[in-house]
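Q: one predicted model, sequence on top.
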Amino acid sequence: MTPDNKPKNWFSALAHPGKFMRWSRYFIWPLIILTAISFAIGLWFALFNSPPDYQMGETVRIMYIHVPNAWLSQMVYSIMAISAIGSLVWRHPLADVAMKAAAPLGAAFTAMALFTGSLWGRPAWGTYWEWDGRMTSTLVLFLIYLGLIALWNTFSDQSKGARIIAVFTLVGAINIPIIKFSVDWWNGLHQPSIIKADGLSMPAELYTPLLIMTLAFTLLFFTLHLINMRTEVLRRRANSLERQHVIASSGGASTSLDVTNTDLDNKGGDND
Amino acid sequence: MIEFEAGIIFIIASYVGVALVLSLLIGWVWLNSNKQKARLVDLEKRGIHRRSKKNNPDKTEQTL
Amino acid sequence: MRVFLIVRIFMIVIGRDLQLAIKNGGTTVTLLIFYLSIGVIMPIAIGPDKEMLAGLAPAIIWVGALLSTLLGLDRLFVSDHEDGTLLSLHHANISMASIALAKIIAHWLITALPLILITPLLAIMLFMEMPVFLATMSALLLGTPALTALGAIGAAVAVTLKRGGVVAPILILPLAIPVLIFGVSAANNFAANMVSSSATLFLAALSLLTIAFSPFAISLALKAAQE
């Protein structure tokens, strides 16, 4: 993308990496503050201002951190899948960046979902783990996240790799509906969906902390994702500058290289 | 108030664990960001600029 | 007329892969030895209890089939990528997806079919009874196409990577887990009820779905790799 490209519509205008860097910085601190406030309110509700559950007792408080993480693990993957489509169909450079920035976050949320779920299962239902449909497919989701992170680390050509990784992200996306519906297909420890068509099957006092904590975690994801995306854009910039410098200083290579936003073979660039 | 019962250890463990993982995650995101900014500052010092900057010497790089 | 052209090129691709496999017979033999070794190692590790082994046998065979499939993925695309065959296949008269399907079929014939044919040997080592054995054989026939198709996706994704042979199995393992679950379940249920269970249907569905969709994913990945 040369600086002379006029954006064709508002979408390209927003999504040009340089412009993205300029407008996104104004969102960071507001997001951080909103996230902190939501967590403060959510934790107050979750730990102090809500009653224990009729059946589960105090352990229901684990639900307030388990469900947000579980929900986020799927939502983050969905965002990655949509970015993957953007990467494959429109070759959008920011789509690649969004995909890569989301993967470690999604992996962390999935790991926390598995961890809190296990600790919730032991006191509430007697077992740390069960190979039922939802737990197994969530574990599979975690492995897919790890595989994607490994792929990002293995490709030296990040823009070519991004397309291939996008294909794999979409292949793995089949797992998301499996997670959602596995609760209905297999009978295991998980109860069927809490939100049914005819309304909530959970009392309002328990629903409030759940909702606020879910909001808090979601805001946390958006904050971290935005920062990570900006970091990734900076990393690509640094890599291409280093590459340009190496070529120029080794003398004889053409100086008319357009290396503004592509990230070709890293020679001494950092590729974590 | 929270009453003490057998499940309390699991509740504490899960909240502490999540807090730990979240701090590690936030820490990594923040450190990674600083690392890349430092690289760009370093490149700037060594006099390597973006081509667009050469064309627009007045335009400053706005990053957080 | 175009249909005949497609079928002809299809057959040529399959035929070429088969010929190459027969010439380099060593790789298939290695996979077979690996598969047999699993059948040897598991009883040694688990212990000589015949009933336990017989009960675990479908699972052991399925794990063996999965691991052997993963092992054999390396030769699916890498050598073609290295000698430029993939590049010329891109310019063939039929779509890359059709070529991918041809390669999947060829790979199943070269890798999965020999495994299935020597499964009787494992059945003996694991003290399988006839109904369970027959059920496992049919489950393998139904399910190994899914393993091959998924494996091919992993191989395509990893084709440009230097240590791609190690990365592809890691990518495929999570996706192959449902096949494993339904495969073992189908083998056990069929033997118990003598009637196909829902697991068998799921297994067949997985194979059909993966065979139908993997060629497109593979062609996308290979095209991206070729840029």
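A: Thanks, I have the structure now.

Q: what's near enough to touch the most centrally placed residue in chain C?
A: For chain C, the residue nearest the mean C-alpha position is C:Thr148 (3.1 Å; Cα atoms, centre = their mean). When contacts are counted by Cβ atoms under 8 Å, 6 or more residues apart in numbering or on different chains, C:Thr148 touches C:Thr69, C:Ile104, C:His107, C:Trp108, C:Thr111, C:Ala112. Just so you know, the C-beta spots here come from the backbone N, C-alpha and C atoms, and that holds for glycine as well.

Q: for chain A, just list every one of the helices.
A: A:10-15, A:17-47, A:60-90, A:93-125, A:133-154, A:158-172, A:175-185, A:204-249 (DSSP state H).

Q: next one: chain B
A: B:8-45, B:51-55.

Q: now distance to chain C, mean neighbour count and mean pLDDT too, for the helices of chain A, in TSV please.
A: Output for the helices of chain A, formatted as TSV (distance: least, Cβ to the nearest Cβ, whole Å; neighbours: other Cβ atoms under 10 Å in any protein chain shown; pLDDT from 0 to 100):
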stretch	distance to chain C	mean neighbour count	mean pLDDT
helix A:10-15	21	13	64
helix A:17-47	20	16	91
helix A:60-90	7	22	93
helix A:93-125	12	23	92
helix A:133-154	4	21	90
helix A:158-172	4	24	90
helix A:175-185	7	16	79
helix A:204-249	18	20	89
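
Q: of all these, which lies closest to C:Trp62?
A: helix A:133-154 (15.5 Å; Cβ to Cβ).

Q: coming back round to it: so which of the contacts of C:Thr148 are in helices?
A: Reading helices off these with DSSP H, I get C:Thr69, C:Ile104, C:His107.

Q: out of these, grab the one that's most surrounded.
A: For those, the largest number of neighbours (other Cβ atoms under 10 Å in any protein chain shown) sits with C:Thr69, at 27 neighbours.

Q: in which helix or strand does C:Leu122 reside?
A: Using DSSP states H and E, C:Leu122 sits within helix C:113-125.

Q: contacting residues around that helix?
A: With Cβ under 8 Å, 6+ apart, helix C:113-125 has contacts from C:28, C:31-32, C:35-36, C:38-40, C:43, C:57, C:60-61, C:64-65, C:68-69, C:133, C:136-137, C:140-141, C:144.

Q: and it, average pLDDT?
A: Averaged across helix C:113-125, the pLDDT comes to 93.

Q: now do the next helix or strand after that helix against helix A:133-154, angle only.
A: Note on helix C:113-125: by DSSP H and E, the next helix or strand toward the C-terminus is helix C:130-157. Angle, helix C:130-157 to helix A:133-154, by axes from the mean of the first three to the mean of the last three Cα atoms, to 10 degrees: 30 degrees.

Q: buried ones in helix C:130-157, by neighbour count?
A: By 16 or more other Cβ atoms under 10 Å in any protein chain shown, the buried positions in helix C:130-157 come out as C:132-140, C:142-157.

Q: what mean pLDDT does that helix have?
A: Per-residue scores along helix C:130-157 average to 92.

Q: quick one: that helix to helix C:113-125, angle?
A: Computed by the same axes, to 10 degrees, the angle between helix C:130-157 and helix C:113-125 is 140 degrees.

Q: how far away is C:Met125 from C:Ile153?
A: 32 Å (Cβ to Cβ, to the nearest Å).

Q: swap that for C:Leu71, sorry
A: C:Leu71 is 16 Å from C:Ile153, by Cβ to Cβ.

Q: one more: A:Ser78?
A: Taking Cβ to Cβ, one finds A:Ser78 at 20 Å from C:Ile153.

Q: residues contacting the closest residue to A:Val76 other than its chain neighbours?
A: Across the structure, with Cβ to Cβ, 6 or more residues apart in numbering or on different chains as the measure, the residue nearest A:Val76 apart from its sequence neighbours is A:Gly106 (3.6 Å). Shown in contact with A:Gly106 (Cβ under 8 Å, 6+ apart): A:Leu72, A:Ser73, A:Val76, A:Tyr77, A:Met80, A:Tyr145.

Q: alright, that wraps it up for me.
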